[in-house]
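[1] Predicted model, plus sequence, below.
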Amino acid sequence: MKTGELENVLFEVMNAVTSNKSMKEVLNLILDSLPDVTNCSMCSIQLVNEETQKLKLFCKKGDGSRFHIRVPMIISGRTTGEINLYHKDKRKFSRKFKRILSMIASCGAVAVENNRLNKMTEIFASLASIDGLTQLYNHKYFHEALEKELSKARRFGYSVCMAMIDIDHFKRYNDNYGHPAGDVVLKKIAEIIKKNIRSYDLAARYGGEEIALILSHATRQQAIPLAERMRTEILAYPFKGKNNEKVKVSVSIGLASYPDNATTKAGLVERADQALYLAKEEGRNRICSSLISSKDLIKFAFCPPAFTSPYYTAVLKGVKEVIKDIGNTELFIETSDGEAEYAERQLKIIEKFIKEKVDVIAICSQAREAIGRQIEKVNKKKIPVFVFNAAEPMPSGKVVSYIGYDNREAGKLVGGYLVRLLRGKGRVAILEGLPEITSVERKNGFMEVIKDYRGIRIVASERADWERNMAREVAGKILKKCPKLDAFFGVSDEMALGAVDIVKKTGRKGKIFTIGLDGNQNAFQSIKAGELTATLNTNPVEMGRTLMRTIMRSMIKEEKIKNHIWLPIMMVDLENVDQYIIK
């Protein structure tokens, strides 16, 4: 028994499978080849009967003997049959020999599975109504198939995702290039979709330029990579315009899943359609889940502590991006002149918003006791309240959702980063914000990590009240007291940048590590310039986007909104800063 000869059999069988040979051809090839290279007196192949789940002889060659080995044919953890080799005496096979036999059996399993899927396809094709242009299933068959799929999903407890795909500006394309060209676009997009979906998924022409998918055993989150793959491939395809010019065509995709978004067929279709509508409202050529825009004007009030830091300007930028895409939103912006005195000013701002009868209020405030009582007044007016960049719950008043991140975890990430920079040894000074929960939690998270390293000593921890000018003054005093300082940690970027100014002024650039926390663009630019060592990016622009989208979910669709929405955070330094700088 030569291993090399068995490997040749494996290659022949693999070629047969990849060449789309029939199941019978592949299994007969195995049956004809194995007796010679294994010196067996008989070889047989048994297949699992799908109805009885019992083995049934498919074919055999030779006469039976006493001793035999059984090689299961397995695909995706499911046994489709087995190969049996019989010998007149007991044989020992090498580990490599057995492994090659298993690979041959796996190829046989693939052939069996392909045969099963081909039969299913033929059955579906004979029963289904096919759209003549795209060769996809039609609208009627889609609804029948979705009803059956949801019935199975309820019975066996799995998820089903529905995707609704619409060709962007398709009417404009038809008007510019003619309906025959539009038909070509539809057919090609259908081909791309069929190529990307799994064999047991279903694609149908829902109507006009809309295509609907049933993605079995998939949630919305699991369907996003597939949707993104289709979207990018369609966008990259060079469709032809007039005079053979290359024209880009994009699609918008809406996703909804059972049972997360809906438990009925009608509900799932409605949710997917709403998600598609939002994708088009947000600018097209994108994927959205379960959001729609409103035809009614929404009066949205935005109240950060102050705009003295670029952080809240970045949050507002994200808010405006979503408003621009969705439209139908009137934005009211009110804030105080500085972060040190914002609490009292915010109380008056909320009173003003109530009088102006806004539809929704988004606020960031650390004055939890006073603002909580003010939110109670807002609740009585039935105005929903959202809190951003302050994920700790208000002691009173009802807040629809807190959009932010874990400040303690942020501090811990900075602590771990600094420990690695200092290699567990050094003198560190902390620049604190106002004595409120954000500053306290960031510092506590930082200290939770640092306390485990005896070689790191906190030589100072002083307030700088979130302001760069005050941070310069405080950092200067600290350096005078501790000239051998190794690192500053500013619990905000503005304070860290204040420390950077003093480090540069005293000629210690490159000698003292300075780390911030926020993710402001000016901090990224400072890192790029080799001044600030690093910052923890809390994604302020994405916070604004998420805030606005969450508000739209609540205001328009009246969905159940998560009380806390946590955003991802990550360290940014010279190695990765380029990807975060907005050009």
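    Nice, thanks for sending it over. Just so it is clear, the model here is predicted, and its values are computed rather than measured. Residues are numbered from 1 along each chain as shown.

[2] give me every residue that touches the residue lying closest to I363 once chain neighbours are set aside.
    When the adjacent residues along the chain are set aside, I363 lies closest to C303, with 4.5 Å between them (Cβ to Cβ, 6 or more residues apart in numbering). C-beta: built from backbone N, CA, C; applies to glycine. When the contact criterion is Cβ atoms under 8 Å, 6 or more residues apart in numbering, the partners of C303 are I333, E334, T335, Q346, I349, I350, F353, I361, A362, I363, C364, S365.

[3] Out of these, which sit inside helices?
    For the contacts of C303, membership in helices holds for Q346, I349, I350, F353, with DSSP state H as the criterion.

[4] right, and the first one touches S365 too?
    Yes. Here Q346 lies in contact with S365, judged by Cβ atoms under 8 Å, at a distance of 5.4 Å.

[5] so where is the protein shaky, pLDDT-wise?
    The model of the chain has pLDDT under 70 over residues 1-2, 64-65, 125-128, 282, 290-296, 325-327, 339-341, 391, 556-560.

[6] Centroid-nearest residue for it?
    Per Cα atoms, centre = their mean, the C-alpha nearest to the average position across the chain is that of Q221, at 6.5 Å.

[7] ok, residues contacting the helix or strand hosting it?
    Under DSSP states H and E, the secondary-structure element containing Q221 is helix 220-236. Residues from elsewhere that reach helix 220-236, judged by Cβ under 8 Å, 6+ apart: 159, 161, 163, 165, 189, 192-193, 196-197, 215, 218, 248-251, 253, 255-257, 260-261, 285-287, 289-290.

[8] Out of those residues, which sit inside helices?
    Checking these against DSSP H, those in helices are I189, I192, I193, N196.

[9] Look up how far A275 lies from the second one.
    Right, the one you point to is I192. 20 Å (Cβ to Cβ, to the nearest Å).

[10] and if you look at the first one?
    Shown here: I189 relative to A275, a distance of 19 Å by Cβ to Cβ.

[11] do K188 as well
    Summarising the geometry, the distance separating K188 from A275, computed by Cβ to Cβ, is 24 Å.

[12] Of these two, give the one with the bigger neighbour count.
    Shown here are K188 and A275; by other Cβ atoms under 10 Å, A275 has more neighbours (26 against 15).

[13] That one is in contact with A256, isn't it?
    Yes. The pair A275 and A256 qualifies as a contact (Cβ under 8 Å) at a distance of 5.6 Å.

[14] quick one: I569 and L536 touch, right?
    Yes. Here I569 lies in contact with L536, judged by Cβ under 8 Å, at a distance of 5.9 Å.

[15] which residues are common contacts for these two?
    Counting by Cβ under 8 Å, 6+ apart, the common neighbours of I569 and L536 are A410, L413.

[16] Compare neighbour counts for those two and give me the winner.
    The residue with the greater number of neighbours, taking I569 and L536 and applying other Cβ under 10 Å, is L536; the counts read 25 against 20.

[17] any idea whether that one is helix, strand or coil?
    strand (DSSP: H, G, I helix; E, B strand; the rest coil).

[18] can I assume it is in contact with G516?
    Yes. Taking contacts as Cβ under 8 Å, L536 lies within contact range of G516: 7.4 Å.

[19] Out of the ones in helices among the contacts of C303, which comes closest to R457?
    The shortest distance between R457 and any of these, using Cβ to Cβ, involves Q346 and amounts to 38.3 Å.

[20] What's the separation between the closest one and N389?
    According to Cβ to Cβ, Q346 stands 14 Å off from N389.

[21] same thing with G208?
    Counting by Cβ to Cβ, the gap between G208 and N389 amounts to 43 Å.

[22] The two: who's more crowded?
    For G208 versus N389, the count of surrounding residues by other Cβ under 10 Å is larger for N389: 26 against 11.

[23] Could you pull up the residues touching the residue nearest to that one when sequence neighbours are not counted?
    For N389, the nearest residue in space outside its immediate sequence neighbours is C364; the separation is 4.6 Å by Cβ to Cβ, 6+ apart. Residues counted as contacts of C364 (Cβ under 8 Å, 6+ apart) are C303, P304, P305, Y312, V315, V387, F388, N389, A390.

[24] Quick check: the two most widely separated of those?
    For the contacts of C364, with distances taken as Cβ to Cβ, the pair at the greatest spread is Y312 and V387 (13.6 Å).

[25] count of residues packed around E270?
    Considering only other Cβ under 10 Å, E270 is surrounded by 15 other residues.

[26] Three-state assignment for it, please.
    Assigned with three-state DSSP, E270 falls in the helix class.

[27] Pull out the buried residues from the longest helix along the chain.
    Longest helix of the chain, by residue count under DSSP H: helix 95-127. Taking 16 or more other Cβ atoms under 10 Å as the basis for neighbour counts, the residues of helix 95-127 that come out buried are 97, 100-101, 103-115.

[28] For the following helix or strand past it, give me every contacting residue.
    Downstream of helix 95-127, the next assigned helix or strand under DSSP H and E is helix 139-156. Contacts of helix 139-156 with the rest of the structure, by Cβ under 8 Å, 6+ apart, involve 128-129, 137, 159-160, 162, 202, 204-207, 212, 214, 216, 258-259, 264-265, 268-269.

[29] tilt between helix 139-156 and helix 95-127?
    In this structure, helix 139-156 runs at an angle of 130 degrees to helix 95-127, with axes from the mean of the first three to the mean of the last three Cα atoms, to 10 degrees as the basis.
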